[in-house]
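Colleague: generate coordinates for the sequence data below:
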Amino acid sequence: MSAMKDIQQSRDQRGIDIDKVGVKGIRYPITVQDKVRGEQQTVALVNMYVNLPHEFRGTHMSRFVEILNEHRGSVNVNSLPKILTEIKKRLNAEAAHMEVCFPYFIEKKAPVSGAVSLMEYQCKINGAATDGVDIGIEVSVPVTSVCPRSKELAERGAHNQRAIVDVAIRFTGMIWLEDLIAMVEEASSCEIYSLLKRPDEKYVTERAFERPLYVDDLARAVAARMHEHPDITWYSVDVETQESVHNHNFYAHIEVSKN
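Modeller: Residues are numbered from 1 along each chain as shown. Now for the predicted structure:
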């Protein structure tokens, strides 16, 4: 039987490099380190890419899935450098990229009643391998913010809204997802819970009212905590408040390299 022709490795005459080519949206079970229980099982959406020089027509898509399956049960922030290095080697690429997006659950107690519930946070581990390997993590944290101007102007009350705080970091050492999420929540007017009883609702309403924050304030408060952490070398903070009295949202972005 004659060898099958490798179409992907045939020559392309258009002279255009491709920065990223690969597979997206692979739903895959992973294990994440859990600060309280040791580890947590979750299901991720995985994206994997390499660069493609202009002279080659295509890359070998099946090899991405093969590599992922070879690391089944060990896809996490510690294994990503090894996986990225393997992608580069197996696909003969100069650069490899990987994104692992997943829901992470933290058990939280309501502030007064102590009622226990699970709170979901969207997280991401991402990595890039070129001459070296660069790994980062991201969290998306919903919090409450109260408008300072509304509180100042109104005779009774103030308008509040849910704010979504997206934080991305590069780091040395070990940073728990729980600690990164807590830094965001501590900077907000009030954190959000999945389950609240009446005494808890009173508490969170009054706590948020006592700590009003503009979107600018919230972004700076989160950034200050990132800047103080000795193991964080780079960070970005995106805050979007889903306004309750406007037909549009407010937004703030901060990005800092501490090197």
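Colleague: next, residue 213: secondary structure please.
Modeller: coil (DSSP: H, G, I helix; E, B strand; the rest coil).
Colleague: run a quick neighbour tally on it.
Modeller: Residue 213 has 25 neighbours, counted by other CB atoms under 10 Å. No exception for glycine: its C-beta is placed from N, CA and C like everyone else's.
Colleague: so what's it up against?
Modeller: With CB atoms under 8 Å, 6 or more residues apart in numbering as the criterion, the residues that contact residue 213 are 145-146, 148, 188-189, 221.
Colleague: show me where the stretch 101-250 of the chain has strands.
Modeller: Applying DSSP state E, counting those that start in this stretch to the stretch 101-250 of the chain gives strands spanning 116-129, 133-146, 160-171, 190-191, 232-242, 250-257.
Colleague: any chance of the ones you listed in CSV, with mean pLDDT and mean neighbour count too?
Modeller: Shown next, in CSV, are these (pLDDT from 0 to 100; neighbours: other CB atoms under 10 Å):
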stretch, mean pLDDT, mean neighbour count
strand 116-129, 96, 17
strand 133-146, 96, 20
strand 160-171, 96, 20
strand 190-191, 96, 22
strand 232-242, 96, 20
strand 250-257, 97, 14
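Colleague: distance to residue 198 added to the ones you listed, as CSV?
Modeller: What follows is these, written out as CSV (distance: least, CB to CB, whole Å):
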stretch, distance to residue 198
strand 116-129, 15
strand 133-146, 17
strand 160-171, 18
strand 190-191, 16
strand 232-242, 25
strand 250-257, 30
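Colleague: residue 82: which of those strands is closest?
Modeller: Judged by CB to CB, the one of the strands of the stretch 101-250 of the chain that comes nearest to residue 82 is strand 133-146, at 9.0 Å.
Colleague: strand partners of that closest one, parallel vs antiparallel please.
Modeller: Sheet partners assigned to strand 133-146 using DSSP bridges are listed as strand 116-129 (antiparallel), strand 160-171 (antiparallel), strand 190-191 (antiparallel).
Colleague: TSV for these, including distance to residue 50?
Modeller: Shown next, in TSV, are the strands paired with strand 133-146 (distance: least, CB to CB, whole Å):
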stretch	distance to residue 50
strand 116-129	9
strand 160-171	21
strand 190-191	40
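Colleague: right, and these - which one's nearest residue 248?
Modeller: So among these, strand 160-171 is nearest, using CB to CB, at 11.8 Å.
Colleague: could you check the angle strand 250-257 makes with that closest one?
Modeller: Calculated by axes from the mean of the first three to the mean of the last three CA atoms, to 10 degrees, strand 160-171 forms an angle of 10 degrees with strand 250-257.
Colleague: could you dump strand 160-171 to CSV, C-alpha only?
Modeller: Coordinates of each C-alpha in strand 160-171 appear next as CSV, following Å, rounded to 0.1, in the frame of the first residue of the first chain:
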residue,chain,number,x,y,z
ASN,A,160,-26.5,50.1,43.0
GLN,A,161,-25.5,47.6,40.3
ARG,A,162,-23.7,44.4,39.7
ALA,A,163,-20.1,44.9,38.5
ILE,A,164,-18.1,42.3,36.7
VAL,A,165,-14.4,42.4,37.5
ASP,A,166,-12.1,40.5,35.2
VAL,A,167,-8.5,40.1,36.5
ALA,A,168,-5.6,38.6,34.6
ILE,A,169,-2.2,38.0,36.2
ARG,A,170,1.2,36.6,35.5
PHE,A,171,3.0,35.4,38.6
